[in-house]
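> Next one to model:
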Amino acid sequence: MKAINIPIIIPTYEPDQRLIDLLTELMDKNIGPVIIVNDGSGHEYNGYFEKAEELIAPLNGMILKHDINKGKGRALKDAFLFLLNNYPDLIGCVTADSDGQHTPECIEKVQRELMEHPYDLILGVRDFDDPEVPSKSRMGNKLTRKVLRFLCGVNVSDTQTGLRGISREFMKGLVEIPGERFEFETRMLVDSKDKVRIREVEIETVYDSKENHSTHFNPVKDSIRIYKIFGGIFLKFLLSSLSSCAIDLGLFYLLCKALKSGSNGVIYVLYATIGARVVSATYNFLVNYILVFKSKEGHVKSAIKYIILAVAQMMLSAGLVTLFAGIFPNAQELFIKIPVDVLLFFCSYYLQHEYVYRNRKAVLG
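This next block holds a predicted model:
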């Protein structure tokens, strides 16, 4: 394997001896080249970087420097740009952390996997059932996995891993996406959907003792940045759905008023539901296709899948509302319809991002 085609990027801020230990092992095993990004560390850390430069020089390594701390996301993107502009035969890169959590063997394992699958996103995943994993990390990963899966349709075992193999083509797109700090790695996972396949390789789970372990991850500020990504994705869908819901409920109410007097029983509810849903679903499809999911799926193919989903959702809504209107004849139909449609709303969101607007042909490779 020509390792120079897959350099290793190590962003670091205020490093300690763990960086030097990692570099020493990498150089002993002839794993490289290594591109280090000094993300605005102070002058008191110059000794570490001088030693690092000495260690990585034999394999044509290099240190990039930020004058001030700009965040892990910006450090990675600047390293991507450097590699894209200076390595014409680049296959991709491997990103690794400087805090001792990634061993040379695991880094090389991800490097080999990317060599074998040069169009994929390779994740070095840890075993979160390992008793060495702190409970906060285990719970945080479990929650983020579920949110990422439901809101974005991306299913991975380790959302927090910094050990990743990234293809050249995917790197080109990543330099343009938002995210300057730790949230960039979450953006990367979100952006992978329908663009690259994700492959996972199991890596060693390494955690320092509580006394020795240090991290620049701010559990409050950085968690907010990460979950703002999910909130922004869901908010667009929510606004689209709320506006179409307003159209649907408004038309439903008007049609119920118009049809109720001349109807036998509660069959008018079915007609009102169908009429309102046809108009609101057409509006909702266009907004979601163009603005929310920004789909590259063919219009006709997406429309067919959307119609199937809309009809199924409409029939479920009509059937459930009609059922409960019969059970509770004195209840206002509108107040029966609202909770029914809220439940169907969450089901619809998942099915839309996972099946209706998903463009599987866009995946590289």
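> Tell me how many other residues crowd residue 195.
Other residues within reach of residue 195, judged by other CB atoms under 10 Å, total 17. To be clear about C-beta, it is placed using only N, CA and C from the backbone, and glycine gets the same treatment.
> Surely it is in a helix?
No: when DSSP: H, G, I helix; E, B strand; the rest coil is applied, residue 195 is found to be coil, with no helix at that position.
> packing partners for the helix or strand that contains residue 108?
Here residue 108 is covered by helix 104-116, with elements defined by DSSP states H and E. With contacts defined as 3 or more CB pairs under 8 Å, 6 or more residues apart in numbering; DSSP states H and E, helix 104-116 has these neighbours: helix 17-28, strand 92-95, strand 121-125, strand 164-167, strand 198-202.
> What are the buried residues along the last one?
Neighbour counts over strand 198-202 (16 or more other CB atoms under 10 Å) mark 198-199, 201 as buried.
> okay if I get those as JSON lines plus pLDDT?
JSON lines is the format used below for those (pLDDT from 0 to 100):
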{"residue": "198", "pLDDT": "95"}
{"residue": "199", "pLDDT": "96"}
{"residue": "201", "pLDDT": "95"}
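> Against residue 333, how distant is residue 343?
Look at residue 343 and residue 333: by CB to CB, to the nearest Å, they are 17 Å apart.
> So between those two, which is more surrounded?
Legend: neighbour count by other CB under 10 Å for residue 343 and residue 333, higher for residue 333 (21 against 12).
> Go through the helices and strands packed on helix 104-116 and pick out the most buried.
strand 92-95 (a mean of 27; mean count of other CB atoms under 10 Å).
> What is the distance between that one and the centre of its chain?
Distance, stretch centre to chain centre, for strand 92-95: 18 Å (CA atoms, centre = their mean, to the nearest Å).
> low-confidence ranges in the stretch 251-365 of the chain?
263, 359-365 (pLDDT under 70).
> check contacts around residue 256.
By CB atoms under 8 Å, 6 or more residues apart in numbering, the contact set of residue 256 is 268-269, 272, 333-334.
> Apply 7 Å and report the result again.
With contacts defined as CB atoms under 7 Å, 6 or more residues apart in numbering, residue 256 is in contact with 268-269, 272, 333.
> Which helix or which strand is home to it?
helix 221-260.
> who touches the next helix or strand after that helix?
Moving toward the C-terminus from helix 221-260, the next helix or strand (DSSP H and E) is helix 267-287. For helix 267-287, contacts defined as CB under 7 Å, 6+ apart pick out 240-241, 244, 247-248, 251-252, 255-256, 259-260, 303, 306, 310, 314, 317-318, 321-322, 325, 333.
> how about the helices in the stretch 51-200 of the chain?
72-86, 104-116, 135-152, 168-174, 183-192 (DSSP state H, counting those that start in this stretch).
> What are the buried residues along the helix holding residue 108?
By neighbour count on 16+ other CB under 10 Å, the buried set for helix 104-116 is 104, 106-115.
> same check, this time on stretch 40-53
Neighbour counts over stretch 40-53 (16+ other CB under 10 Å) mark 40-41, 45, 48-49, 51-52 as buried.
> Dump those to a markdown table, plus secondary structure, pLDDT and distance to residue 154.
Converted to a markdown table, the buried residues of stretch 40-53 look like this (DSSP: H, G, I helix; E, B strand; the rest coil; pLDDT from 0 to 100; distance: CB to CB, whole Å):
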| residue | secondary structure | pLDDT | distance to residue 154 |
| --- | --- | --- | --- |
| 40 | coil | 94 | 31 |
| 41 | coil | 94 | 33 |
| 45 | helix | 94 | 35 |
| 48 | helix | 96 | 35 |
| 49 | helix | 96 | 35 |
| 51 | helix | 96 | 39 |
| 52 | helix | 96 | 34 |
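> Most widely separated two among the residues you listed?
Spatial extent of those (CB to CB) is set by the pair 40 and 51 at 18.6 Å.
> can I get the buried residues of stretch 40-53 in TSV with distance to residue 174?
TSV is the format used below for those (distance: CB to CB, whole Å):
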residue	distance to residue 174
40	21
41	24
45	27
48	27
49	25
51	30
52	25
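> Which of those sits closest to residue 144?
Among these, residue 40 lies closest to residue 144 (CB to CB), at 27.0 Å.
> Nice, that's everything, thank you.
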